[in-house]
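S.K.: I'd like to go over a predicted model; first the sequence, then the structure.
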Amino acid sequence: MARFSVVPSGDGSSPEGGAGPVTPDAGETLADLLAQAARGDEGAFGVFYDRTSARVHGLVRRVVRDPAQSEEVTQEVFLELWRQSSRFDPSRGSVLAWALTIAHRKAVDRVRSSEASRGRDASYGAAAVDVAHDHTSEAAVGRLEAERVRRALDTLTDAQRRAIELAYFSGYTHTEVASLLSLPLGTAKTRIRDGLIRLRDTLGVTS
């Protein structure tokens, strides 16, 4: 994955029009680096990118799947992080959780956009051909199964459902789920495990 490069506006201004760059210290935290980036320090943002890009790209890749689109979305994420660096509020969570939240949102947006485009193409094609009976039956079964799963999810507690959705529908690792929900890793794993057990029992799945 190519290293992110900030392209300043035409007048060379930073996100807040701040002072020139200062060489980042190796011991600085992500919050420190982002604060420097908010003052226009591209060097600090470059270090921030180096420390976070693997996690961000990994999350995007799990959601988007397509390698080329994942690269594009990752670059979009860091461009937004650069532009929004001055708006980060440390009282609402860690820098990494904030970055991953933006990454997830953009990845989901890309997937939805791609699916909408494929849906339009499929609809156009379907208008010109007859739909086979077995295809119709499979689609009906699929809808029934999806509705069954949705009803099963409704039996979970809010905490269990949120953890399950993040882990299995949004592509987050258990560690990332814990970070996003501000929970100890063990607690996040317990919620996911208990939720899966309850789903299994509700759906009548036997191991």
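M.R.: Done, it's in. Numbers count the residues shown, from 1 in each chain.
S.K.: where do the helices of this structure begin and end?
M.R.: Counting by DSSP state H, the chain has these helices, from start to end: 30-38, 42-64, 67-84, 95-126, 133-153, 158-164, 174-180, 185-203.
S.K.: make a markdown table out of the ones you listed and add mean pLDDT and mean neighbour count.
M.R.: Placement of C-beta: from N, CA and C, glycine included. A markdown table is the format used below for the helices of the chain (pLDDT from 0 to 100; neighbours: other C-beta atoms under 10 Å):
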| stretch | mean pLDDT | mean neighbour count |
| --- | --- | --- |
| helix 30-38 | 95 | 21 |
| helix 42-64 | 95 | 20 |
| helix 67-84 | 95 | 18 |
| helix 95-126 | 81 | 15 |
| helix 133-153 | 61 | 11 |
| helix 158-164 | 84 | 18 |
| helix 174-180 | 83 | 20 |
| helix 185-203 | 84 | 16 |
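S.K.: ok, Gly195 - contacts?
M.R.: 156-157, 160-161, 163-164 (C-beta atoms under 8 Å, 6 or more residues apart in numbering).
S.K.: of these, closest to Val56?
M.R.: Minimum distance to Val56 across the contacts of Gly195 is 21.3 Å, recorded for Ala163 (C-beta to C-beta).
S.K.: pretty sure that closest one contacts Leu185?
M.R.: No. Using C-beta atoms under 8 Å, Ala163 is not in contact with Leu185, being 11.7 Å away.
S.K.: joint contacts of these two?
M.R.: With contacts defined as C-beta under 8 Å, 6+ apart, no residue is adjacent to both Ala163 and Leu185.
S.K.: next, give phi and psi for Asp89.
M.R.: Per-residue torsions, Asp89: phi -110, psi 100 (degrees, to the nearest 10).
S.K.: read off the pLDDT value for it.
M.R.: On the pLDDT scale, Asp89 is placed at 91.
S.K.: next, count neighbours for it.
M.R.: Using other C-beta atoms under 10 Å, Asp89 has 7 neighbouring residues.
S.K.: excluding chain neighbours, what is closest to Ser86?
M.R.: Nearest residue to Ser86, sequence neighbours excluded (C-beta to C-beta, 6 or more residues apart in numbering): Ala38, at 3.9 Å.
S.K.: right, I'll leave it there.
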